[in-house]
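Visitor: What would the 3D arrangement of this be:
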Amino acid sequence: VQDQDPLRGQEPHPRLVPHGLKEASQDPATLEAWWRACPEAGVGLLAPEGVLVLDFDDPTAWGGLRQEHPALEAAPRQRTPKGGVHLFLRLPEGVKLSASVRVLEGVDLRGMGRAYVVAAPTRLKDGRTYAWEAPLVGPEELPPVPRDLLLKLLPPPPPPREVWTPVEGASPKRLRALLEAYCHRVAATPPGQRHLTLIRYAVAAGGLLPHGLDPREAGRPLWPAALGPGSPNPEPRPAAGWGLGVGPSAPSLFTIFRAHETGKN
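Guide: Residues are numbered from 1 along each chain as shown. As a prediction, this is how the structure comes out:
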């Protein structure tokens, strides 16, 4: 289900996979050949694009997050030799996150076809091992990332003042102007960052629906904005649809931005 790489230490084995993650494989013959050639090699799991792995370096971070989101207890997870946790979850269709940004203290984002984790039965030189506490299953069987947690993992883009102005009591004209501002921000974002920006502003546009914005108006202009020159995402509708769906019950972009600006959670 997950692509694998042989490891030397915690890095891809330079002799067996000189091109690192690009050579990760699910092919049984390839895997057997690797471990025949180097039985002591560790295992690296590269989860596919739709699978998020939460890598808890700090055991207390895992303890706090599972108290906040009890549904995480049902997710496949493994314990690392230093007491950390790797937790495997399913992302909504079309939703992608950045593996290079640490949003939660003590938690790194892995998987998603871009960042591997070391996995059982890898053994360290001192004899400590990685071990599954809840067995891994196929991507389609993984529990989804809890909605509130996923919103936290989306770093808020820096919006212009008209975007984070409160919308309570706004006129239809004002709501349409805000939507246009959201679309402008999506279109103006560099291609490599545009997907995350689309999701955040789709959530923001969904947040305008309870205030009177026509649902048919909300999604239509977001899609062409996301399909600007150099866009890496050929089909933005699933991601935008998810954002519009959760937006009405999510905190407003004004609230999120002000909390981010003042350092509050």
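Visitor: how far is the helix or strand harbouring residue 224 from where the chain is centred?
Guide: Residue 224 is located in helix 222-226, with elements delineated by DSSP states H and E. In this view, helix 222-226 has its centroid 21 Å away from the chain centroid, taken as Cα atoms, centre = their mean, to the nearest Å.
Visitor: which ones are touching the residue at minimal distance from the centre of the chain?
Guide: For the chain, the residue whose C-alpha lies nearest the mean C-alpha position (Cα atoms, centre = their mean) is residue 97; its distance is 3.4 Å. By Cβ atoms under 8 Å, 6 or more residues apart in numbering, residue 97 lies in contact with 52, 91, 109, 112, 153-154, 196. (C-beta placed from N, C-alpha, C; glycine too.)
Visitor: try 7 Å this time
Guide: For residue 97, the residues meeting the contact criterion (Cβ atoms under 7 Å, 6 or more residues apart in numbering) are 52, 109, 112, 153.
Visitor: How about the secondary structure of it?
Guide: When states are read from DSSP: H, G, I helix; E, B strand; the rest coil, the local structure at residue 97 comes out as coil.
Visitor: Helices along the chain, start to end?
Guide: Remark: helices of the chain, listed N- to C-terminal, are 28-37, 59-68, 147-153, 161-164, 172-188, 191-208, 215-219, 222-226, 237-246, 253-262; assignment by DSSP state H.
Visitor: now, of these, which is deepest in the fold?
Guide: Ranked by mean neighbour count under mean count of other Cβ atoms under 10 Å, the helices of the chain are led by helix 191-208, which reaches a mean of 23.
Visitor: From the contact counts, what lies against that one?
Guide: Judged by 3 or more Cβ pairs under 7 Å, 6 or more residues apart in numbering; DSSP states H and E, the packing partners of helix 191-208 are helix 172-188, helix 215-219, helix 222-226, helix 237-246.
Visitor: which strands and helices sit next to the third one?
Guide: Helix 222-226 sits against helix 172-188, helix 191-208, helix 237-246, with contacts defined as 3+ Cβ pairs under 7 Å, 6+ apart.
Visitor: now the second one against helix 172-188, angle please.
Guide: What that stands for is helix 191-208. With axes from the mean of the first three to the mean of the last three Cα atoms, to 10 degrees defining the directions, helix 191-208 sits at 160 degrees from helix 172-188.
Visitor: and the angle for helix 191-208 with helix 237-246?
Guide: Put simply, helix 191-208 runs at 30 degrees to helix 237-246, going by the same axes, to 10 degrees.
Visitor: Output helix 191-208 as CSV, restricted to C-alpha atoms.
Guide: The C-alpha coordinates for helix 191-208 follow below in CSV (Å, rounded to 0.1, in the frame of the first residue of the first chain):
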residue,chain,number,x,y,z
PRO,A,191,2.0,28.6,-8.3
GLY,A,192,3.9,26.6,-5.7
GLN,A,193,1.8,28.2,-2.9
ARG,A,194,-1.5,28.6,-4.7
HIS,A,195,-3.2,25.3,-3.7
LEU,A,196,-2.9,26.1,0.1
THR,A,197,-4.1,29.6,-0.6
LEU,A,198,-7.1,28.3,-2.6
ILE,A,199,-8.2,26.1,0.2
ARG,A,200,-7.9,28.8,2.9
TYR,A,201,-9.9,31.3,0.8
ALA,A,202,-12.4,28.7,-0.2
VAL,A,203,-13.0,28.2,3.6
ALA,A,204,-13.3,32.0,3.9
ALA,A,205,-15.8,32.1,1.0
GLY,A,206,-17.8,29.4,2.7
GLY,A,207,-17.8,31.5,5.7
LEU,A,208,-19.7,34.2,3.8
